[in-house]
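Sharing a model prediction with you, sequence too.
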Amino acid sequence: MMRRLPVLLLLCCCCTARPADDNADGGPAEPDRPRSVTTASTTPDGAPGEENTVDIGERPPEAPPEVETLERPNFPLPEAGQMIDIPAGTFLRGSAPDDVLRDQFAENDHIPTKMTAFRMDALLWPNDPAMEPVTGVDEVEAERLCQSAGKRLCTETELEYACKGDDNRRYISGNLYDPSAFAEPWSSPSPFGVWGFGRLLEWTSSRWGQAPDQVDRVAVRGFAEGRDFLGTAVTPPGGRRCAKRWWFAPGSVDPQLGFRCCDGPRNTSECFIERARPAHSLYTNMKPDVFAQVIRSIPELSAIHDNPHMFSNADIERVLARRGSDRKKLAKEGIHFHWKPLRWIPRQGMELWLAVGRSNRHSFVVALHEVADNTRYVHESSLIIWDNPTPLALVYREGHRDEVYWAPCWRCREGGAFEYDEAKNEVIITHRW
């Protein structure tokens with residue numbers, strides 16, 4: 001059973017709403033109405049609608065983050081030439097999919113990874129606390145220097161494992177970012193007693209990915225101030241995570257790029273970059289009992305744990321019948337209606353499980369992160385329509401990755417969308433009144 005490493009922040013949008021009738025001019029009485037903003041509505045076919053009020057929900061009172069507190073490791077500064085024995089074990093490679101600081105397409109989703117025992121230099125080359133780390137060498141020279149000492153350049157999974165330790169911490173110092181852990185010349189030690197993580201960028205002997213356009217790039221770990229990754233500035237809390245990855249061309253030379261050496265059998269496990277996939281795909285084999293199990297596995301959805309179930313194809317026909325919409329005609333236009341869950345990839349590396357359904361009394365709209373090979377899910381966003389189990393449909397338009405819609409009828413005032421906010425790295429479910 002894979003355990004999710006607790007993260008600093010958990011972003012979710014838990015909205016509640018009571019829908020108005022599609023022929024009504026406004027929403028319900030003011031006391032029942034959540035916080036909202038006014039916006040111009042559109043539908044998936046691009047046709048503008050009348051001015052509507054979009055319910056962006058009221059987030060529940062902010063609670064203290066659920067973060068497992070871990071002790072900061074304490075080791076004496078190593079001697080020159082000292083190597084650290086890293087034991088065999090299993091760690092969670094990558095980061096939690098709901099970690100707002102992660103690079104979605106670059107980091108794996110906490111994949112259990114077995115490691116064989118090896119040894120690692122306690123410090124960056126030349127592995128001497130009295131000397132500054134060597135920088136300004138390319139990957140080939142770094143490997144040559146390691147070989148000259150009878151060692152080899154470390155792989156990136158070896159660096160990540162040595163940084164996280166056997167408790168899969170987010171930073172060398174624990175799960176919460178502690179700037180003081182990186183204030184000393186060599187930073188603080190990792191749980192295994194390796195020093196210097198987060199002080200500099202570090203060469204590895206691993207490729208960025210396995211695709212033809214990725215094998216010519218070298219995976220780099222660590223952090224350096226003032227860097228951006230693919231045009232986005234990387235902050236110390238994001239860059240000093242043990243799971244943070246970078247890529248450099250093999251011949252790169254950089255004053256903030258160093259390296260360290262390892263000894264022993266090379267661990268062959270590799271991080272991978274997921275190949276591009278379609279933005280929308282249907283879970284055609286989703287069974288009712290599995291659907292209910294998924295919903296009941298999410299603590300944030302406790303209000304609908306009584307009897308969660310999917311709608312049916314007949315419900316979709318009722319949704320379309322409310323406005324006399326022709327499903328086949330809409331499909332020819334690239335607009336598709338579904339009642340089974342939908343896999344949505346708004347950005348490569350971020351995979352979401354979208355669903356509409358009902359319990360005994362309420363309808364609901366949910367977005368979950370899909371992890372652990374489609375067997376485990378983490379809450380991202382949800383909306384419950386209280387005391388009104390009205391049929392809903394998931395709607396998407398071919399060629400439009402950024403949004404998926406949910407609707408109780410077609411081209412009516414009600415409904416809303418799943419919207420991906422790239423700046424905040426989160427999905428929000430909107431509701432039009």
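Looks like it came in fine. Numbering: from 1, shown residues only.

Can you list the strands that the helix or strand encompassing residue 113 pairs with?
For residue 113, the host element (DSSP states H and E) is strand 111-115. Listed by DSSP bridges, the sheet partners of strand 111-115 and their directions read strand 89-93 (antiparallel).

The partner strand: how far from the chain's middle?
Using C-alpha atoms, centre = their mean, to the nearest Å, the distance from the centre of strand 89-93 to the centre of the chain it belongs to is 18 Å.

Same check on stretch 334-343?
Relative to the centre of its chain, stretch 334-343 is centred 23 Å away, using C-alpha atoms, centre = their mean.

now do stretch 387-406
With C-alpha atoms, centre = their mean as the basis, stretch 387-406 stands 22 Å off its chain's centre.

Between its first and last residues, how far does that stretch reach?
Using C-alpha to C-alpha, to the nearest Å, the end-to-end distance of stretch 387-406 comes out at 18 Å.

coming back round to it: for the strand holding residue 113, output the C-alpha coordinates as PDB.
Only the C-alpha atoms of strand 111-115 are listed here, as PDB (Å, rounded to 0.1, in the frame of the first residue of the first chain):
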ATOM      1  CA  ILE A 111       6.200   5.600  -7.200                       C
ATOM      2  CA  PRO A 112       7.600   3.000  -4.700                       C
ATOM      3  CA  THR A 113      11.200   2.400  -5.900                       C
ATOM      4  CA  LYS A 114      13.500  -0.300  -4.600                       C
ATOM      5  CA  MET A 115      17.100   0.700  -4.100                       C
END
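
Can you give me the buried ones in that strand?
Using 16 or more other C-beta atoms under 10 Å as the burial criterion, the residues of strand 111-115 that qualify are 111, 113, 115. All C-beta spots, glycine's among them, are computed from the backbone N, C-alpha and C.

cool, stretch 354-371 as well?
Neighbour counts over stretch 354-371 (16+ other C-beta under 10 Å) mark 354-359, 362-371 as buried.

The stretch 51-200 of the chain: helices as residue ranges?
With DSSP state H, counting those that start in this stretch as the criterion, the stretch 51-200 of the chain has helices at 139-148, 156-164.

and the ones you listed, which is most packed in?
Among those, the stretch with the highest mean neighbour count (mean count of other C-beta atoms under 10 Å) is helix 156-164, at a mean of 25.

per the record, what domains does this protein have?
Taking automatic domain parsing as the reference, the chain has its domains at 13-64+277-432, 83-263.

Name the nearest residue to the most centrally placed residue in the chain, sequence neighbours excluded.
Relative to the mean C-alpha position of the chain, the nearest C-alpha, by C-alpha atoms, centre = their mean, is the one of residue 97, at 2.7 Å. Computed as C-beta to C-beta, 6 or more residues apart in numbering, the closest residue to residue 97 that is not its neighbour in sequence is residue 369, at 4.1 Å.

surely residue 137 meets residue 259?
Yes: under the criterion of C-beta atoms under 8 Å, residue 137 lies in contact with residue 259, with a separation of 7.4 Å.

the more surrounded of these two?
Looking at residue 137 and residue 259 with other C-beta atoms under 10 Å, you find the greater number of neighbours at residue 259, namely 28 against 19.

Can you read off the backbone torsions of the more buried one?
As for residue 259, its main-chain torsions (degrees, to the nearest 10) stand at phi -170, psi 170.

and it, what is it in contact with?
124-125, 134, 137, 142, 145-146, 153-154, 202-203 (C-beta atoms under 8 Å, 6 or more residues apart in numbering).

Pick the one among these closest to residue 393.
For those, the closest approach to residue 393 (C-beta to C-beta) belongs to residue 202, at 49.7 Å.

thinking again about what came up before, quick one: which of the domains of the chain is nearest residue 70?
Relative to residue 70, the nearest member of those by C-beta to C-beta is domain 83-263, separated by 4.1 Å.

Now do the end-to-end distance for the closest one.
Distances were taken as C-alpha to C-alpha; on that basis the terminal residues of domain 83-263 are 9 Å apart.

Please state the offset of that domain from the chain centre?
20 Å.

same question, stretch 305-323
Here the centre of mass of C-alpha atoms in stretch 305-323, compared against the chain's by C-alpha atoms, centre = their mean, lies 30 Å away.

ok, residues contacting that stretch?
Among residues not part of stretch 305-323, those counted as contacts by C-beta under 8 Å, 6+ apart are 22, 286, 288, 291-292, 295-296, 301, 326-327, 337-341, 355-361, 364, 391-393, 407-412.

could you show me where the strands are in the stretch 1-150 of the chain, in order?
13-17, 36-42, 48-55, 83-86, 89-93, 111-115, 118-121 (DSSP state E, counting those that start in this stretch).

And for the stretch 301-433 of the chain?
Listed in chain order (using DSSP E, counting those that start in this stretch), the strands of the stretch 301-433 of the chain are 335-338, 342-347, 350-358, 363-371, 376-385, 393-397, 403-407, 415-421, 426-432.

wait, which of those strands is closest to residue 277?
From the strands of the stretch 301-433 of the chain, taking C-beta to C-beta, the stretch that ends up closest is strand 342-347, at 5.9 Å.

Just give the strands next to the closest one in its sheet, each with its orientation.
When pairing is defined by DSSP bridges, strand 342-347 lines up against strand 280-282 (antiparallel), strand 350-358 (antiparallel).

From residue 102, how far out is the residue nearest to residue 108 when sequence neighbours are not counted?
In space, not counting the residues next to it along the chain, residue 108 is nearest to residue 94; the distance is 3.2 Å by C-beta to C-beta, 6+ apart. Spatial separation of residue 94 from residue 102 under the definition C-beta to C-beta, to the nearest Å is 8 Å.

Return every residue with contacts to both of the two.
Any residue near both residue 94 and residue 102 by C-beta under 8 Å, 6+ apart counts here, and that gives residue 243.

From what I see, residue 101 and residue 241 are in contact.
Yes: checked against C-beta under 8 Å, the pair residue 101 and residue 241 is within contact range at 6.4 Å.

In helices, which of the contacts of stretch 305-323 fall?
Secondary structure assignment (DSSP state H) places 288, 291-292, 295-296, 327 from these within helices.

Pick the one among those closest to residue 421.
residue 295 (24.3 Å).

shared neighbours, residue 101 and residue 241?
Applying C-beta under 8 Å, 6+ apart, one finds that residue 101 and residue 241 are jointly contacted by residue 95.

Neighbour count: the two, which is higher?
The residue with more neighbours, out of residue 101 and residue 241 and counting by other C-beta under 10 Å, is residue 241; that gives 27 against 21.

Now that one: which helix or strand?
Counting by DSSP H and E, residue 241 is part of no helix or strand.
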